[in-house]
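Colleague: With the input below, show me the fold.
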Amino acid sequence: MKSAQSLLVFSQNVLCKAGLDTEKAFHTADILLEGELLGHRTHGLQLLPSYVAELENNTMAKTGEAKLLNDMGAVLALDGNYLPGPWLVNKAIEEACKRANQFGTAIVTIQKSHHIACLAAYLEKVARQGFMILLACSDPRNKTVAPFGGLNGTYSPNPLAVGIPTESAPLMIDVSMSVTSNALVARAHRNQERLPHNWLLDAQGQVTDDPAAFFDTPAGSILPLGGLDSGYKGFALGLLIEALTSALGGHGRSDKPSLWGASVYIQIISPQGFAGEQAFKKETEYFKNQCLSSNPIDSSRPVRMPGERGLALKEQQLTEGVSLLAETENALIALGEKYGLTLAR
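Modeller: Next up, the predicted model:
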């Protein structure tokens with residue numbers, strides 16, 4: 001077990017050694033840790049070695065600022081210049097919250113951000129302030145999800161995250177428009193494990209739970225959300241995310257980017273600009289409680305709300321320590337040895 005604070009300090013120090021300034025390193029380390037605390041292990045501290053490699057290869061920018069492309073008050077468009085995604089997104093959220101207080105809502109797009117890690121990691125802080133947040137991203141370089149009825153990957157998993165304030169704990173939604181993520185398939189392949197379900201199509205169009213199909217030549221693909229049954233819905237939602245992120249942001253697949261990155265859409269909504277925060281929270285709390293009081297199919301597995309398990313796990317890990325996957329801990333230890341840092345308890 002490692003304390004959350006020791007992991008934060010260690011990760012920030014590693015990123016500083018790799019070339020980031022203190023602020024960029026803090027925001028990046030903080031979001032990676034938040035993902036880990038919430039249980040999103042493939043998008044938590046497991047990403048730190050990959051981010052360091054990107055910094056070392058100069059494929060993640062170390063210095064500079066986002067470039068302003070357009071500013072219409074409630075709408076802001078930025079070019080992230082492949083700077084660290086968590087830093088770019090946190091700064092954009094901070095600015096969008098200020099503007100939402102003025103306009104009721106604010107939208108920021110970021111083209112050419114670097115990878116932005118776990119989307120759920122951004123939600124709680126914003127929702128606790130009384131704002132609703134919609135956050136979506138796509139990777140214009142990545143083509144691993146097949147359109148419904150097709151064999152070839154044409155787009156990325158395209159997650160959408162939503163944070164919704166209530167009178168108690170916020171609702172935290174983080175779902176991809178594909179049945180699984182690239183990272184989960186890759187981890188299963190590394191560990192020589194099968195996937196929990198038939199989430200992939202092999203190159204011949206047969207569904208499979210074997211992650212090796214994803215790495216074959218020709219490569220298999222990930223099914224859209226809904227699979228072979230109702231994947232046309234997931235495909236349609238994937239198209240929506242492409243429009244919100246790359247199309248609105250002004251940089252996407254038609255530009256044929258070669259770097260690992262993200263097109264990002266951020267919307268902050270202030271209930272004060274509508275019927276008011278009190279009315280908003282009253283409604284969301286009431287509806288949440290109606291869902292939780294539904295008679296469960298299995299009495300040992302009652303209804304739970306999106307984000308409930310993650311927030312409980314976060315509280316537990318903040319108190320008892322963070323339980324890292326063995327492969328993640330070993331990778332962090334290797335980074336520490338490389339940069340002369342100790343991963344303390």
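Colleague: Please make it C-alpha for all contacts and neighbour counts, starting now.
Modeller: OK.
Colleague: gap between Leu318 and Ala312?
Modeller: According to C-alpha to C-alpha, to the nearest Å, Leu318 stands 10 Å off from Ala312.
Colleague: That should have said Lys67, apologies.
Modeller: 38 Å.
Colleague: Mind naming the longest helix for the chain?
Modeller: Counting residues, the longest helix found in the chain (DSSP state H) is helix 85-103.
Colleague: Check which helices and strands it sits against.
Modeller: If contacts are counted by 3 or more C-alpha pairs under 8 Å, 6 or more residues apart in numbering; DSSP states H and E, helix 85-103 sits against helix 22-37, strand 105-113, strand 262-269.
Colleague: wait, which of those is closest to Lys233?
Modeller: strand 262-269 (20.5 Å; C-alpha to C-alpha).
Colleague: Output the next helix or strand after that closest one as PDB, restricted to C-alpha atoms.
Modeller: From strand 262-269 onward toward the C-terminus, using DSSP states H and E, the following helix or strand is helix 277-292. Provided in PDB are the C-alpha atoms of helix 277-292 (Å, rounded to 0.1, in the frame of the first residue of the first chain):
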ATOM      1  CA  GLU A 277     -29.000  25.500  -8.300                       C
ATOM      2  CA  GLN A 278     -31.500  24.600  -5.500                       C
ATOM      3  CA  ALA A 279     -34.100  23.500  -8.000                       C
ATOM      4  CA  PHE A 280     -31.500  21.500 -10.000                       C
ATOM      5  CA  LYS A 281     -30.200  19.600  -7.000                       C
ATOM      6  CA  LYS A 282     -33.700  19.000  -5.700                       C
ATOM      7  CA  GLU A 283     -34.600  17.300  -8.900                       C
ATOM      8  CA  THR A 284     -31.400  15.300  -9.400                       C
ATOM      9  CA  GLU A 285     -31.400  14.100  -5.700                       C
ATOM     10  CA  TYR A 286     -35.100  13.000  -6.000                       C
ATOM     11  CA  PHE A 287     -34.500  11.100  -9.200                       C
ATOM     12  CA  LYS A 288     -31.300   9.500  -7.800                       C
ATOM     13  CA  ASN A 289     -33.300   8.300  -4.700                       C
ATOM     14  CA  GLN A 290     -36.100   6.900  -6.900                       C
ATOM     15  CA  CYS A 291     -33.500   4.900  -8.800                       C
ATOM     16  CA  LEU A 292     -31.800   3.600  -5.600                       C
END
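Colleague: packing partners for helix 277-292?
Modeller: The criterion is 3+ C-alpha pairs under 8 Å, 6+ apart, and there are no helices or strands that helix 277-292 contacts.
Colleague: in this structure, which spans are helices?
Modeller: Along the chain, the stretches classed as helices by DSSP H are 4-17, 22-37, 48-56, 85-103, 123-128, 182-190, 227-242, 248-249, 277-292, 308-320, 326-339.
Colleague: Pick the most buried one from those.
Modeller: helix 22-37 (a mean of 23; mean count of other C-alpha atoms under 10 Å).
Colleague: List the contacts of it.
Modeller: Residues from elsewhere that reach helix 22-37 (C-alpha atoms under 8 Å, 6 or more residues apart in numbering): 4, 7-8, 11-13, 15-16, 41, 43-45, 47-48, 84-87, 90, 117-118, 120-122, 310, 313-314, 317-318, 322.
Colleague: and that helix, average pLDDT?
Modeller: Per-residue pLDDT values over helix 22-37 give a mean of 98.
Colleague: before we move on, what about stretch 135-154?
Modeller: The pLDDT scores in stretch 135-154 average 97.
Colleague: so how far is the first residue of it from its last?
Modeller: This stretch, stretch 135-154, spans 21 Å end to end (C-alpha to C-alpha).
Colleague: check contacts around Trp260.
Modeller: When contacts are counted by C-alpha under 8 Å, 6+ apart, Trp260 is found next to Thr59, His114, His115, Asp139, Arg141.
Colleague: how near is the first one to His115?
Modeller: Meaning Thr59. Counting by C-alpha to C-alpha, the gap from Thr59 to His115 is 11 Å.
Colleague: Who has more neighbours out of the two?
Modeller: The residue with more neighbours, out of Thr59 and His115, is His115; 23 against 17, by other C-alpha atoms under 10 Å.
Colleague: Distance-wise, check the more buried one relative to Gln206.
Modeller: For His115 relative to Gln206 (C-alpha to C-alpha), the value is 31 Å.
Colleague: same thing with Arg309?
Modeller: As judged by C-alpha to C-alpha, Arg309 and Gln206 stand 34 Å apart.
Colleague: For stretch 234-246, what is the distance to the chain centroid?
Modeller: Relative to the centre of its chain, stretch 234-246 is centred 15 Å away, using C-alpha atoms, centre = their mean, to the nearest Å.
Colleague: thinking again about what came up before, I'd like the helices and strands packed on helix 85-103 as TSV, with distance to Gly227 appended.
Modeller: Listed next are those as TSV, based on distance: least, C-alpha to C-alpha, whole Å:
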stretch	distance to Gly227
helix 22-37	26
strand 105-113	29
strand 262-269	24
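Colleague: so how many other residues sit close to the nearest residue to Lys2 once chain neighbours are set aside?
Modeller: What sits nearest to Lys2 in space, not counting adjacent residues and going by C-alpha to C-alpha, 6 or more residues apart in numbering, is Arg345, at 4.6 Å. Here the number of neighbours of Arg345 (other C-alpha under 10 Å) works out to 12.
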